[in-house]
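Participant: With the sequence up front, the predicted model follows.
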Amino acid sequence: MKRMYAILLLLFAILHVSSIAVAANDVCSAQALIERALPGKGDLFRVEMLPKEQSVDVFEIESVDDKITLRGTSGVAIASALNWYLKQYCNASLSWRGQQVTLPEPLPPVLPKIHKETPFERRYCFNYCCFSYSMAWWDWEDWEKIIDWMALNGINMPLAVTGQESVWLEVGHSFGLTDEDMDEFFVGTAFLPFGWMGCMDGWGGPLSRVWIAQHAELGKRILERERELGMTPVLQGFTGHVPAALKAKFPDARFQQLPSWCGFPGTTFIDPNDLLFRKFGKAFVEEQTRQFGTDHLYAADTFIEMSPPSNDPAFLDAMGKAVFGAMQTGDPDAVWIMQGWLFHNNPGFWQPPQTKALLNSVTDEQMIVLDLFCESNPVWNLTESFCGKPWIWCIIQDFGDVASMHGGLPQIADGLTSALNDPARGKLCGAGFIMEGMGYNPVVQDLMSDIFWSPETKDMNARSEEH
């Protein structure tokens, strides 16, 4: 009995020390972010951690001893507190397209204390296309800036797929594929998302091995910073799309040829009923975890803008089970993150039987669906809230990184608030940006960031309050 008690005390001590270390790391990361955002002014702010008693984030802002005290349940929450204070009290702006950070002296006090709690456990960021249209040639300086921007705007669930070619190379070699085979598979730098999503092979390639190694290191650095700030990045999942040369290595396996996407030759897909699907997917997830670690969230979109080879619900059920089964075999705690774009883009194919077959192929706890175009064409209200799956209310706003000053502010404000209050909303668990590029109106981003923490109905004609 004494031995068991001693073991329990030791476990408690380990967990306690671990939680202290995590909190200290979040504080240091938040303080470093403040100094990057406001060079030389970090000492005007005090940073403190709040205990996280539930799944959602909380922040507080308060004047204490002539300093602005920023408290939060994560580094992201603390950064959001800073952004809220700058916008609401200092008429300052830290946007992606420009900054105004001339602060009043002295800083405006905050009394009484501001307390904000988000109803959204998950705040998502990035469309695959953004990695092409805006971020194809980014280096660490660009990524450090966007990670800070995400934290300031409350994002805690970014898509993080930079560097995955290193994983593909190792897995391909382990299945007997040559460098030449992989060169025919890899697309060029500007087309990476369309290779990741299975739309094309080889176009604009090949990729040099030096570039692949450099991007693997960049990907690790991105993930390290995101995790330091308390984010849970979404890594790549296996979709079934493989190099065509794999067919010659496994002549007895069954493969499917996908239809053409935008005039490009159709790509190769392992049949979901073949054992090779799970074997290859397991190897992919395990190798990715070895190189990049994992937060157990995996993006996989097998037929994003292409019809599957069969509309048989049994095939689509098998496909869903295979995609998730490959993830789960490599990571028992895996959660599948799927874009709901296919239901909007191809409604003729995705009729109720087909939609239900795919969505019901896994349990509710094993999938989160991203509803991409909610400011204009939401899908959650056409699919019985994605058949009960947790889902995230997103805005695209920017197709193709088209620089524009448009922005459906009333549709965003009213749509998200209405969805949050709708009894038919199902398992709405988050909101997010899923833009195809970073070129659009910063006012839209500011509005979404405010709604993350204050989702009540907004008056678009109201003037901001003077503090």
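Facilitator: Yep, that arrived.
Participant: Break down the stretch 151-300 of the chain into its strands, ranges please.
Facilitator: Using DSSP state E, counting those that start in this stretch, the strands found in the stretch 151-300 of the chain span residues 157-158, 235-236, 241-242, 255-257, 268-270, 297-299.
Participant: With distance to residue 347 as extra columns, can I get the ones you listed in a markdown table?
Facilitator: Every C-beta, even on glycine, is put in place using the N, C-alpha and C of the backbone. Formatted as a markdown table, the strands of the stretch 151-300 of the chain follow (distance: least, Cβ to Cβ, whole Å):
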| stretch | distance to residue 347 |
| --- | --- |
| strand 157-158 | 27 |
| strand 235-236 | 27 |
| strand 241-242 | 23 |
| strand 255-257 | 22 |
| strand 268-270 | 22 |
| strand 297-299 | 22 |
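Participant: How much space separates residue 213 from residue 84?
Facilitator: The gap separating residue 213 from residue 84 is 40 Å, by Cβ to Cβ, to the nearest Å.
Participant: if you count what's nearby, which of the two comes out ahead?
Facilitator: Using other Cβ atoms under 10 Å, the more surrounded residue of residue 213 and residue 84 is residue 84, with 22 against 14.
Participant: Would you agree the more buried one falls within a strand?
Facilitator: No. Secondary structure of residue 84 (DSSP: H, G, I helix; E, B strand; the rest coil): helix, not part of a strand.
Participant: Now do the same contact list for residue 98.
Facilitator: residue 442 (Cβ atoms under 8 Å, 6 or more residues apart in numbering).
Participant: Can you check the pLDDT for it?
Facilitator: Looking at residue 98, its pLDDT is 84.
Participant: How about residue 465?
Facilitator: 53.
Participant: I'd guessed residue 122 sits against residue 392; true?
Facilitator: Yes. Assessed by Cβ atoms under 8 Å, residue 122 is found in contact with residue 392 at 5.9 Å.
Participant: what's the spacing between the residue nearest to residue 361 when sequence neighbours are not counted and residue 193?
Facilitator: Spatial nearest neighbour of residue 361, excluding adjacent residues (Cβ to Cβ, 6 or more residues apart in numbering): residue 320 at 2.7 Å. Per Cβ to Cβ, residue 320 is found 22 Å from residue 193.
Participant: next one: residue 34
Facilitator: Here the criterion is Cβ to Cβ. By it, residue 34 lies 33 Å from residue 193.
Participant: Give the residue spans of the chain that score low on pLDDT.
Facilitator: Scanning the chain for pLDDT under 70 picks out 1-24, 405, 457-460, 462-467.
Participant: Number of residues surrounding the closest residue to residue 391 other than its chain neighbours?
Facilitator: Spatially, and ignoring its direct neighbours in sequence, residue 391 is nearest to residue 369 (4.3 Å; Cβ to Cβ, 6+ apart). For residue 369, the neighbour count with other Cβ under 10 Å is 25.
Participant: Mind giving me the packing neighbours of the helix or strand where residue 369 lies?
Facilitator: Here residue 369, judged by DSSP states H and E, is contained in strand 367-371. When contacts are defined as 3 or more Cβ pairs under 8 Å, 6 or more residues apart in numbering; DSSP states H and E, strand 367-371 packs onto strand 335-339, strand 391-395.
Participant: Just the C-alphas of the helix or strand just after it, formatted as PDB.
Facilitator: The first helix or strand that comes after strand 367-371 along the chain, using DSSP H and E, is helix 384-387. Coordinates of each C-alpha in helix 384-387 appear next as PDB, following Å, rounded to 0.1, in the frame of the first residue of the first chain:
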ATOM      1  CA  GLU A 384     -27.200  17.600 -41.200                       C
ATOM      2  CA  SER A 385     -24.200  19.300 -39.600                       C
ATOM      3  CA  PHE A 386     -21.800  16.900 -41.300                       C
ATOM      4  CA  CYS A 387     -23.700  13.900 -39.900                       C
END
